[in-house]
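Trainee: build me a structure from this.
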Amino acid sequence: MDRKTPSPKRGEQRRRVRKAAIVDAAEKVFAEKPFPKVSMRDIAREAGISPALIYRHFPDQQHLFMEAFLRGTTSLLERFADHVAKTGGQGLEEASDTFITFLTERGEYFKMMTHFMLEGTVHGELLERLNAIERSLLERFDELFVRAGATGNVRLMSHCFFAALNGILITFRQHPGRSDLEVRQHMHQIGRIMARMFLQAAQAGPGAVFP
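Mentor: Sure thing, here's the model as predicted:
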């Protein structure tokens with residue numbers, strides 16, 4: 001009896017499953033090791049495959065990192081979309097909570113984000129993908145500001161809000177002498193205060209704080 005030739009559709013499905021497993025392994029390693037020290041060999045070991053097999057799916061380490069980062073930010077954007085749908089766009093404080101909670105619970109994505117921000121070595125197609133992710137997040141913030149009554153340069157408000165949220169995480173995420181619960185509560189408290197200040201400034205009208 002002749003052996004059946006695997007269908008292209010089944011082969012593509014196996015490829016997607018293997019690629020997802022590699023990204024899963026990468027995320028796990030990112031969560032356990034300092035980001036700059038992660039190697040393709042570490043990820044291959046976690047996935048139970050050879051490093052050479054990873055390169056069949058990703059041309060280099062940076063493409064793999066970007067794929068993992070894209071997965072995480074997609075989840076964050078989905079949370080913001082749910083937030084906007086449930087609140088009608090109101091609630092910068094809740095948006096702050098959503099952002100801080102996600103990047104505290106999934107520290108590997110925070111590591112990736114700060115790596116890309118600080119290193120600044122992304123080029124070409126990967127840079128465009130990274131910029132697209134940032135634009136999508138800023139658009140969610142734009143919508144929250146507009147629905148809350150903001151006028152003027154809304155995108156500048158969103159840039160400031162995004163920078164302030166990251167500043168909270170960078171400053172307090174590893175705060176010495178406090179338990180994890182105390183750190184999370186402190187970051188959320190600061191985030192809500194900051195969100196109220198942004199909302200007041202945005203509603204004050206063009207020129208009061210923002211142009």
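Trainee: is residue 175 in a helix, a strand, or coil?
Mentor: Applying DSSP: H, G, I helix; E, B strand; the rest coil to residue 175 yields a three-state assignment of coil.
Trainee: any figure for the gap between the nearest residue to it once chain neighbours are set aside and residue 67?
Mentor: Nearest non-adjacent residue to residue 175, counting by Cβ to Cβ, 6 or more residues apart in numbering: residue 183, 5.1 Å away. (Each C-beta comes from the backbone N, C-alpha and C, glycine too.) From residue 183 over to residue 67 the distance is 30 Å, taken as Cβ to Cβ, to the nearest Å.
Trainee: ok, now residue 99?
Mentor: Per Cβ to Cβ, residue 99 is found 22 Å from residue 67.
Trainee: of these two, which one has the most company?
Mentor: Set side by side, residue 99 and residue 67 show more neighbours around residue 99, with 25 against 18, by other Cβ atoms under 10 Å.
Trainee: the residue nearest to the spatial centre of the chain: helix or strand, and which one exactly?
Mentor: Centroid-nearest residue in the chain, with Cα atoms, centre = their mean: residue 73, separated by 3.5 Å. Here residue 73, judged by DSSP states H and E, is contained in helix 61-87.
Trainee: domain-wise, how is the chain divided?
Mentor: Here the domain parsing of the chain from automatic domain parsing is 1-58, 61-203.
Trainee: residue ranges with poor pLDDT in the chain?
Mentor: Under the criterion pLDDT under 70, the flagged ranges of the chain are 1-8, 83-84, 87-90, 120-122.
Trainee: just the helices in it please.
Mentor: For the chain, helices defined by DSSP state H occupy the ranges 8-32, 40-47, 51-54, 61-87, 92-105, 107-119, 124-147, 154-172, 180-203.
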